[in-house]
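Participant: Provided below for reference: sequence and predicted model.
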Amino acid sequence: MDAKNSAELLLVAFLPPFLVEDLEKEYVLHDLFHAEEPEALLAEVGSRVRGIVAGGMKGPDAPLINRLENLEIISSFSVGFDATDVVAAQSRGVVVTHTPDVLTDDVADLGMAFIIMAPRRIAEAERHLRAGKWLQGRMDLGTNLRGKKLGIVGLGRVGSALARRAEGFGLDIGFYDIVPKDVPYRSYPSLIALAEDSDILFVSCQGGDSTRGLIDLPVFDALGPAGFLVNVARGTIVDEDALIAAVQEKRIAGAAVDVFRDEPNAPEALMTTENIVMTPHIASSTHETRRAMADLVLANLRAHFAGQPVPTPVPDQR
Ligand code: 8YV
C-alpha cells in the first residue's frame, strides 16, 4: 500500500516489532501498551480510534471498548480471544477478528514435544547431566508412550492436530468436548470420566470464564499418580494451586505447561519442582508462524477498512 490509510489504531498488547513496522506504513498508531500516561493518551486520541490491535494475553475490556465511540474493529494477534471482551464488542457492533489456523501446527508440535518430554523426563535428564550427576549415577527411569491413553480436553484445531501427531506415536486417543465431533476417537461424557481413563491429559480448549479452573484437584486425582497433565492452551483453565499440589504431592506423575495464570509470572513454588516442564508461552513462537500471524492481522484490518468481511472467532474452536 502506498499511502497511509487514515485510520487510527490503538495497540493494547506487546506486538512483534516487524508487525508494528508494517502497521505503521498503513495506519496512524497509538501505543497504549507502552504509554507512560495511558489516560492522557486516551483523552487525546480516543475519539479518533477506529481499530484496536490486541494480543492473546492482553485485549480490550468493556470500559475501554465502550469509551472508544468510533471503534469498528479489534484485530487480535492470537487465536485465543479470551483477553478481549467479545460480548462488549459485539453488542456495540464492533468486529472482533483473530489469527486461527496459521499457528495450529506449531502449538500442536509443542504439545507433542511436551507429551514426550514429561513421561520420558527429558528436562530432568538434561538438568541431571548439566549438574554433573551422571558421574554419580543413573537417574530414575521414565515412562514409555506406545499404547498409553491420551485424553484431549477440547478437540478443536489444536486438539485435532495433536491427535494426528499422537496417532504416529501409538497413543490410544480419547477426548472430551462440549461440541459433538465426528471423529474416530473415543468420546467421553465428562472431563472426570476422561481423566480417570487417561494416562496423559492434554488441555486444548479455549480460555475465558467458561473454562476457568476446569482442571481442578478432583480432575488431578482422577488422572491419578501415574498420570501426566499437558497444557498449551491457557493458564486460567488449570487451577494453579491444585497443579502445584498435584505435582509436589505426586498426586500425578508429572506435568508440562506453556501457559500460566498470571503471565509472565510462573509460580515460584514450581521453580525447583523436578516433575514439571515449564516454558514461557512459546507454543506459536517461531519466525514463520509469528510472520503468518502478523500477515493475518494486517489482512484482516485491510479487508475491514476496504469494506469486506473478516473471519470472526467461533467459540470452542481454538
Ligand atoms: C501468542 C496465543 O503467544 O494465539 C494465541 O492465542 O496465546 C499465542 O499464540 C499470543 O497470543 C501472542 O499475542
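Facilitator: In hand now; what should we look at?

Participant: Can you name the residue of the stretch 51-200 of the chain nearest the ligand?
Facilitator: Residue of the stretch 51-200 of the chain nearest the ligand, by C-beta to the nearest ligand atom: Gly56 (2.1 Å). Placement of C-beta: from N, CA and C, glycine included.

Participant: so what's Leu201 up against?
Facilitator: Neighbouring residues of Leu201 by C-beta atoms under 8 Å, 6 or more residues apart in numbering: 151, 153, 194-195, 215, 219, 223, 227-230.

Participant: 6 Å instead?
Facilitator: 151, 195, 223, 229 (C-beta atoms under 6 Å, 6 or more residues apart in numbering).

Participant: one step back: so the residue of the stretch 51-200 of the chain closest to the ligand sits right up against Phe81, yeah?
Facilitator: No. Using C-beta atoms under 6 Å, Gly56 is not in contact with Phe81; the gap is 8.0 Å.

Participant: Centre-most residue in this protein?
Facilitator: Per C-alpha atoms, centre = their mean, the C-alpha nearest to the average position across the chain is that of Ala233, at 3.7 Å.

Participant: wait, isn't that residue in contact with Gln206?
Facilitator: No. Distance between Ala233 and Gln206: 7.3 Å, which falls outside the contact criterion (C-beta under 6 Å).

Participant: Strands along the stretch 1-150 of the chain, start to end?
Facilitator: Along the stretch 1-150 of the chain, the stretches classed as strands by DSSP state E, counting those that start in this stretch are 8-11, 28-31, 49-55, 73-77, 95-97, 149-153.

Participant: Give the rounded mean pLDDT of the next helix or strand after the last one.
Facilitator: Translated: strand 149-153. Counting by DSSP states H and E, the element after strand 149-153 in chain order, helix or strand, is helix 157-168. The average pLDDT within helix 157-168 is 98.

Participant: Would you indicate which residues of helix 157-168 are buried?
Facilitator: Neighbour counts over helix 157-168 (16 or more other C-beta atoms under 10 Å) mark 157-163, 165-166 as buried.

Participant: what's the answer for stretch 85-99, then?
Facilitator: Within stretch 85-99, the residues scored as buried using 16+ other C-beta under 10 Å are 85-86, 88-89, 94-99.

Participant: would you put the C-alpha positions of that stretch in CSV?
Facilitator: C-alpha atoms of stretch 85-99 as CSV (Å, rounded to 0.1, in the frame of the first residue of the first chain):
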residue,chain,number,x,y,z
ASP,A,85,-14.4,-8.7,25.9
VAL,A,86,-16.0,-10.1,22.8
VAL,A,87,-19.6,-9.7,24.2
ALA,A,88,-19.0,-6.0,24.9
ALA,A,89,-17.5,-5.6,21.4
GLN,A,90,-20.3,-7.4,19.6
SER,A,91,-23.0,-5.7,21.5
ARG,A,92,-21.7,-2.4,20.1
GLY,A,93,-21.3,-3.8,16.6
VAL,A,94,-17.5,-3.8,16.8
VAL,A,95,-16.0,-6.6,14.7
VAL,A,96,-13.6,-9.0,16.5
THR,A,97,-11.1,-10.9,14.4
HIS,A,98,-8.1,-13.2,15.2
THR,A,99,-5.4,-15.4,13.7
